[in-house]
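A.B. asks: curious how this folds, go ahead:
(2 chains)
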Amino acid sequence: MIAELGHFALLLAACVALVQAVVPMVGAHKGWAGWMAMAAPAATAQLLLTAFSFSALTYAFVVSDFSLKLVVENSHSLKPMLYKVTGVWGNHEGSMLLWVLILTLYGALAAWFGGNLPPSLKARVLGVQSAVTLAFMAFIIFTSNPFLRLAVPPLDGQDLNPLLQDPGLAFHPPFLYLGYVGLSLTFSFAVAALIEGRVDAAWGGWVRPWTLAAWVFLTIGIALGSWWAYYELGWGGYWFWDPVENASFMPWLLAAALLHSAIVVEKRESLKSWTILLAILAFGFSLIGAFIVRSGVLTSVHAFANDPERGVFILMITAAFMGGALTLFAARAGAMQAKGVFGLVSRESALVANNILLAVSCFVVFVGTIWPLIAEMLFDRKLSVGPPFFDAAFTPFMVVLAVILPLGALMPWKRAKLDRVARQLLLPVIATFLIAALVWTFQTERSILAPIGIALGVWLIAGSKIDLWSRTGRGDLRSRLRRLWNLPRADWGKTIAHIGLGVTFIGISALTAWQSEDIRVAQVGETFDVGGYDVTLADVRREPGPNYDSIMAEMVVTRNGRPVAVLFPEKRNYPVAQMPTTEAAIDNGIFRDLYLVIGDPQAQGGWAVRTYIKPFANWIWAGAIIMSLGGFVSLSDRRFRVAAGAGRDAAPKGDASPVAAE
Amino acid sequence: MTGTMQFARAAAGVLALCLALVPHPVGAVQPDEILPDPALEGRARDISEGLRCLVCRNENIDESNAGLARDLRLLVRERLVAGDTNEEVVDFVVDRYGEYVLLNPTATGANLILWLAGPAMFVAGVGIAAAYLRSRRRPDDEAAPDLSDEETARLERILGK
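C.D. replies: Next up, the predicted model:
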């Protein structure tokens, strides 16, 4: 019964979405205030109905209602409660419902906090948002209904893929979707502005927090997935340039570009049409990502179940919204007149460079991702495009980006003097070269990658700090420190995020250049040396888990006779899903991770054992956390709160912005 | 059969949008495959990282633990022990399995488009940006339209003339 109610609520929500997609648009066109005003309550109604529908599905998973096909296929009565709940989005149908729930959530947030938007713009934004929502609701209702019943319910379910029964992965999709779908709102803003034919500084101010929120959530989502891959898959890989990873990375790159160009719109009223185009394309890449993932046209490790019918549906949604928005863009972009005038050396120019680099690197990823498809269709060549291509074709743009970032961040608007910027950056330059030389001298491998990558990271971190410090003006240390503390949160956010990027740079370069591994057969009781650590395979035993069996090794690690860690790597077997998983045991450290994996028993006795030393591995995700922290700090800036209309000055101090709050 | 079906379905959604390899969690290279000569083994690892496991989704043979990947790893090591250079080993594998095994696409024929797309786009972007930046450098008075008569009159009124 509850499942039927959930289904019914979804249908009702779709009806509301249809009305909300039409009535406010007509109202805005004709100037009828009443018609425009219905958008906001409709958006709330949509959210409530979709939330009810989602709760109904969650309830079915929680109570293990095996009369529901989806529950049977993705759950099991013995599964821990956490994974019963997260199993709701651990499948195609449920994840689409989550996607739609987040679409309506963003719509409702725009309705609630968009109080200071001009009524016609607000009506149009909500109308476009609702049209997007309606398309995905139709997708669920017609091709992926999660509420299907079974005529003969089985006694128990078939369990969730064991690899998904993991906290890192359980919360990876909601964050990722908050990011992907957040870009739908910037898309709605862009299309609404095109219909209005007006883009001004205020528009830039409204769009920026939503873009920032989407980018922050994408950052967290991508980092969670990458971290999960690192510890779960058993050899510490964290990024594979797989089509589905690229599907999340492309919107991230474009959202980063959009974030920066929206600043130019807000502060300088330039780059307007480019920003609109970016906003459209960023969401376009979200849609293309959904297509890649759910159609299975590209061979990916992720897109297991592929269904051409669903793929075609998403392709049609993508074509309709991209085609429509780009046509509108072509017709209206000319009307966006830039106002600000600036010199060749200025922050505006630096941000243009940032946008070129991010957009081109996104384009490289895109071409590399779809090239196998194009080569097969047009040139009859069956080929692969893998990590070596992306490493070679993508990295140079990131290097250039890192080199110019501190320069651009220090430049003032309109016109900058290069020698002044250079003088300010003298210290970071010296630090960068010192570190590069130091790394080069001390490393045992003759790798060029580590000195360059780490130096770039240092350059980013030091440059960002100088940037923030330079904002405190002149005077004695105390007054400068006080001013530093009182700087706008947006300035702090910018610096923190750029530092995070530097930290990630260091992590990736050090790990890539210096990681070492050891693969061997070890007898129980045997001690072996890996990179200065003595590893002893003390014991191997069987341990039962709640819904799996485990073979667990006890491994003692010492260094120069001093104990470092006792680690318990596992091999698990999930009998219901008939799938083995590896649980690596990791001793986390700031400067290195010890990563131990127990393999198969060997015919001649002993166990296959893998030991990895991963220098600076945690810096990769620490950098991502710092980046998203910077985003949150920036979102809490008072100017955004005002811009987003969150109760104006009434908002209590220290309160997060409306966007950050959810 | 139902096993693979349900596995496929389970994996679809979340895995769908997540980041990482899924199918074969246990590490690939087995202790018995490793060559006694570390230099040769190092070359084998390098080569393996550039070769795709044909029966897997998107893994190289160094990471995959599929049977075919193991066969290929052993083949690579066999050729190396026989004295082949890295290029000869790769050519040998490509001759047998086609360019599909290459994770690093060759820069020949149509693939030139792939390799040049990024740089070409970059050059185009810089060109467009340069044109745009030049247009933004016009001095203010040129860009701003003159005041209309009405506006001039109003301005004079405000200034108290």
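A.B. asks: for the rest of this, base every contact and every neighbour count on C-alpha atoms.
C.D. replies: OK.
A.B. asks: return the residues of the stretch 51-200 of chain A in contact with chain B.
C.D. replies: A:73-74, A:89-95, A:158, A:160-161, A:163-164, A:169, A:172-173, A:176 (Cα under 8 Å from any Cα of the partner chain).
A.B. asks: that should have said the stretch 451-600 of chain A, apologies.
C.D. replies: Going by Cα under 8 Å from any Cα, the residues of the stretch 451-600 of chain A near chain B are A:Ile519, A:Arg520, A:Val521, A:Ala577, A:Gln578, A:Pro580, A:Thr581, A:Thr582, A:Gly599.
A.B. asks: same thing but at 7 Å, please
C.D. replies: A:Ile519, A:Arg520, A:Val521, A:Thr581, A:Thr582, A:Gly599 (Cα under 7 Å from any Cα of the partner chain).
A.B. asks: and which of those residues is nearest to A:Ala33?
C.D. replies: A:Thr581 (58.9 Å; Cα to Cα).
A.B. asks: tell me the SS of the closest one?
C.D. replies: State at A:Thr581, reduced to three classes by DSSP: H, G, I helix; E, B strand; the rest coil: strand.
A.B. asks: not counting sequence-adjacent ones, nearest residue to residue 31?
C.D. replies: No chain was given, so I picked chain A. Among residues not flanking A:Gly31 along the chain, A:Ser120 sits closest, at 7.6 Å (Cα to Cα, 6 or more residues apart in numbering or on different chains).
A.B. asks: my bad, the chain I had in mind was chain B
C.D. replies: Sequence neighbours aside, A:Arg520 is the residue nearest to B:Pro31 in space, at 4.9 Å (criterion: Cα to Cα, 6+ apart).
A.B. asks: neighbouring contacts of stretch A:526-533?
C.D. replies: A:Asp518, A:Asp534, A:Val535, A:Thr536, A:Leu537, A:Val557, A:Thr558, A:Arg559 (Cα atoms under 7 Å, 6 or more residues apart in numbering or on different chains).
A.B. asks: out of those residues, who's nearest chain B?
C.D. replies: Set against chain B, the nearest of the contacts of stretch A:526-533 by Cα to the nearest Cα is A:Asp518 (9.4 Å).
A.B. asks: how near is the closest one to A:Glu266?
C.D. replies: Here A:Asp518 is placed at a distance of 54 Å from A:Glu266 (Cα to Cα, to the nearest Å).
A.B. asks: likewise for A:Leu344?
C.D. replies: On the measure of Cα to Cα, A:Leu344 and A:Glu266 end up 19 Å apart.
A.B. asks: where does pLDDT dip in the chain?
C.D. replies: Assuming you mean chain A. Applying pLDDT under 70 to chain A flags the ranges A:296-307, A:445, A:639-662.
A.B. asks: right idea, wrong chain: chain B
C.D. replies: Ranges of chain B meeting pLDDT under 70: B:1-27, B:138-147, B:161.
A.B. asks: try 90
C.D. replies: Along chain B, the model assigns pLDDT under 90 to residues B:1-42, B:45-46, B:49, B:53-71, B:83, B:97-100, B:107-110, B:129-161.
A.B. asks: so which residues of it form helices?
C.D. replies: Counting by DSSP state H, chain B has helices at residues B:2-16, B:38-49, B:67-81, B:86-97, B:111-135, B:140-143, B:149-158.
A.B. asks: tabulate those (a markdown table), appending distance to A:Arg592 and mean neighbour count.
C.D. replies: Below are the helices of chain B laid out as a markdown table (distance: least, Cα to Cα, whole Å; neighbours: other Cα atoms under 10 Å in any protein chain shown):
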| stretch | distance to A:Arg592 | mean neighbour count |
| --- | --- | --- |
| helix B:2-16 | 29 | 22 |
| helix B:38-49 | 22 | 17 |
| helix B:67-81 | 29 | 18 |
| helix B:86-97 | 32 | 15 |
| helix B:111-135 | 35 | 16 |
| helix B:140-143 | 56 | 11 |
| helix B:149-158 | 69 | 11 |
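A.B. asks: so for A:Phe433, which of those sits nearest?
C.D. replies: The nearest among the helices of chain B, by Cα to Cα, is helix B:111-135 at 28.0 Å.
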